[in-house]
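Peer 1: need a 3D model of the following:
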Amino acid sequence: FLDGEHLVGSDTKKAFEKYSQYITKKEKDGRLLIDKNRHFEFLAKLIKDGIRPFTYKPIDKEDLIERKCDFEPRDYQLEAYNVFKKYSNIGAFFPPSTGKTFLGLYAMTHVKGTWIIAVPSRLLVEQWIERIELYTDLIVGVDVDVFTYQGAINNGHKKQYNGMIIDEVHHLPADYFSKMATIKRKYSIGLSATPQREDERENYIFALTGQPTGLSWEHFKKLGIIQNPDLHVWIVKDENQRWRQLGELLELKKKCIIFCDSIEMGTLASKRFDLPFVHGDTKQRLDKIQDNLQTIVSRVGDEGVSLPDIEQVIEISWLHGSRRQELQRFTRLLHGKNTNGVGHIIMTVPEYQTDHKRLFGIMDKGFKIILHREGISEKVIEKVHEHIKAKPIRSIKSKETIEIKEELEKFNDEDYPLLKNKRIRNILSLHTKGDRETLLFFIKKGNSNRSFSTNELMDEWGMIHARNINRKIGNLLQKEHIKREDGKYSQNLTQ
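Peer 2: Numbering: from 1, shown residues only. Model prediction:
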């Protein structure tokens, strides 16, 4: 089994023979050090061989404790905690607004030792710290550390942790984020309302997390714990009509989040409607969203943001046909308390044709979808549906794209380990030569886990003026293939 970054067990000699390609060193005490560049491959191989990266066992009685916990857990939260006590590693898969965070708080105040919490965004770091300080007497930085995934990977091996919580755990099977599975701890809890992925790795969410626990969404609807909002799909002719429809929805003056993947479109909407735009470079993101009636939010707000006064969610830009993203954004409405929330997505006909499958996640959970097509003839809609039914949309690979992919496959795996990932090769093949070379710099071995300041990039690329950095990577930032956090740049392809 895994013990931090090492494989341990009663017969490490046999294990070394079987998994030698994933092992970089055999320690004097017999432990086998895992190749840090092949974490996911190794974990996938273990799971395929029927070996879990953790052991099921009850929580040690001497680790049980009772500390300040200023809320009463609901019955199903206590049931999930009891499953945790029995197995010590669990995945809690409850709908949004049912208190997954509070399950984590309850566990941390009832199992002693230092805890580490890993979340996908700084926005969620702020939210977890806010709730820890509000409901417990745990001291952040002493009793519990809250990191983004990148921070957890970089710092998780520097301290001895007793327990770990991975929020939005559906990200764990990603090649880079799977390194969190090797952070040494006795107990772990994975939290997600949407254990779905678009890369055929959904099974790894459960295999890497622990004993799954949760109840159906219908159960929570019947109990009145979560709301049952409708999703309105507005099909429009063009961008001008999209803006007009957005303006009409904003005139309702409801507490609202407008989701917009495109930084360029979000900036334009912000100026057009005089609204704040919260994105990767925004400081105190949670405060801005809470303090404003209507806020435009980039992908940083997709996950975990809880707003009890939310009344309306509008989408104007999104990640293609992602079911998970659609469900995450729409279900922000489930956090509303007696607000009768409603969701909207404004799509052009071509977008409806290519991205319609993102609506399937909503339908699967039993929510009602209402189609609006004013000015769009029934024949156009029928034609779209016929096209969808008769011929699934496929990307057309040009000769040039195929040649680029073949070229990328020839790169040395030792120098560019991330190019083993087919999805990353596909992304690079669609970029211009200049952007492709820039991305290759960021994913090169030694660089893929680093963040670079502007001055460091100027030195690396021999530039004199800082403004040239933005010119070189501006397009990649807009596409979010490179991210900028705290003034530093890093690759975002493993997100």
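
Peer 1: any idea how far residue 149 is from residue 197?
Peer 2: 15 Å (C-beta to C-beta, to the nearest Å). Any C-beta I mention is one placed from the backbone N, CA and C, and that applies to glycine too.

Peer 1: the more surrounded of these two?
Peer 2: Shown here are residue 197 and residue 149; by other C-beta atoms under 10 Å, residue 149 has more neighbours (24 against 19).

Peer 1: so who does that one touch?
Peer 2: For residue 149, the contact set (C-beta atoms under 8 Å, 6 or more residues apart in numbering) comprises 118-120, 171, 177, 180.

Peer 1: go ahead and confirm residue 37 touches residue 417.
Peer 2: Yes. Checked against C-beta atoms under 8 Å, the pair residue 37 and residue 417 is within contact range at 4.3 Å.

Peer 1: which residues are common contacts for these two?
Peer 2: Contacts common to residue 37 and residue 417, judged by C-beta under 8 Å, 6+ apart, are residue 445.

Peer 1: low-confidence stretches in this structure?
Peer 2: 1-4, 198, 215, 304, 335-339, 375, 377-413, 462, 464-465, 495 (pLDDT under 70).

Peer 1: between the contacts of residue 149, which sits nearest residue 441?
Peer 2: Top of the list for closeness to residue 441, among the contacts of residue 149 and by C-beta to C-beta, is residue 177 at 21.5 Å.

Peer 1: gap between the closest one and residue 11?
Peer 2: In terms of C-beta to C-beta, residue 177 sits 30 Å off from residue 11.

Peer 1: can you tell me the element residue 489 falls in?
Peer 2: Per DSSP states H and E: residue 489 is located in strand 488-491.

Peer 1: need the helices for the stretch 151-300 of the chain, in chain order.
Peer 2: Counting by DSSP state H, counting those that start in this stretch, residue ranges of the helices within the stretch 151-300 of the chain are 202-209, 217-223, 239-250, 263-273, 285-291.

Peer 1: what is the third one packed up against?
Peer 2: Taking 3 or more C-beta pairs under 8 Å, 6 or more residues apart in numbering; DSSP states H and E as contact, the helices and strands that helix 239-250 lies on are strand 231-236, strand 256-260, helix 263-273, strand 312-317, strand 342-348.

Peer 1: now do that helix against strand 256-260, angle only.
Peer 2: Per axes from the mean of the first three to the mean of the last three C-alpha atoms, to 10 degrees, the angle that helix 239-250 makes with strand 256-260 is 160 degrees.

Peer 1: the fourth one too?
Peer 2: Orientation check (the same axes, to 10 degrees): helix 263-273 against strand 256-260 gives 140 degrees.

Peer 1: of all the helices and strands packed on helix 239-250, which lies closest to residue 461?
Peer 2: Per C-beta to C-beta, nearest to residue 461 of these: helix 263-273, 22.7 Å.

Peer 1: just to revisit the earlier point, how far does the strand holding residue 489 sit from the chain's center?
Peer 2: Centroid separation for strand 488-491 versus its chain: 17 Å, with C-alpha atoms, centre = their mean, to the nearest Å.

Peer 1: sheet partners, orientation included, of it?
Peer 2: In the sheet, strand 488-491 lines up against strand 452-453 (antiparallel), strand 482-485 (antiparallel) (DSSP bridges).

Peer 1: which of the ones you listed sits most buried?
Peer 2: Greatest average neighbour count among the strands paired with strand 488-491 goes to strand 482-485 (a mean of 18), per mean count of other C-beta atoms under 10 Å.

Peer 1: rebuild the contacts of residue 149 as CSV, extending it with distance to residue 361 and neighbour count.
Peer 2: What follows is these, written out as CSV (distance: C-beta to C-beta, whole Å; neighbours: other C-beta atoms under 10 Å):
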residue, distance to residue 361, neighbour count
118, 24, 29
119, 22, 25
120, 18, 22
171, 17, 22
177, 21, 23
180, 25, 24
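
Peer 1: tell me the one of those nearest residue 345?
Peer 2: For those, the nearest to residue 345 is residue 120 (22.4 Å; C-beta to C-beta).

Peer 1: return the most buried member of the helices of the stretch 151-300 of the chain.
Peer 2: helix 202-209 (a mean of 21).

Peer 1: starting at the chain centroid, how far to it?
Peer 2: Worked out by C-alpha atoms, centre = their mean, helix 202-209 lies 15 Å from the chain centre.

Peer 1: by contact count, what packs against it?
Peer 2: So helix 202-209, by 3+ C-beta pairs under 8 Å, 6+ apart, packs with helix 39-48, strand 89-92, strand 187-191.

Peer 1: export those as CSV, with columns for mean neighbour count and distance to residue 209.
Peer 2: Output for those, formatted as CSV (neighbours: other C-beta atoms under 10 Å; distance: least, C-beta to C-beta, whole Å):
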stretch, mean neighbour count, distance to residue 209
helix 39-48, 19, 12
strand 89-92, 26, 3
strand 187-191, 26, 4
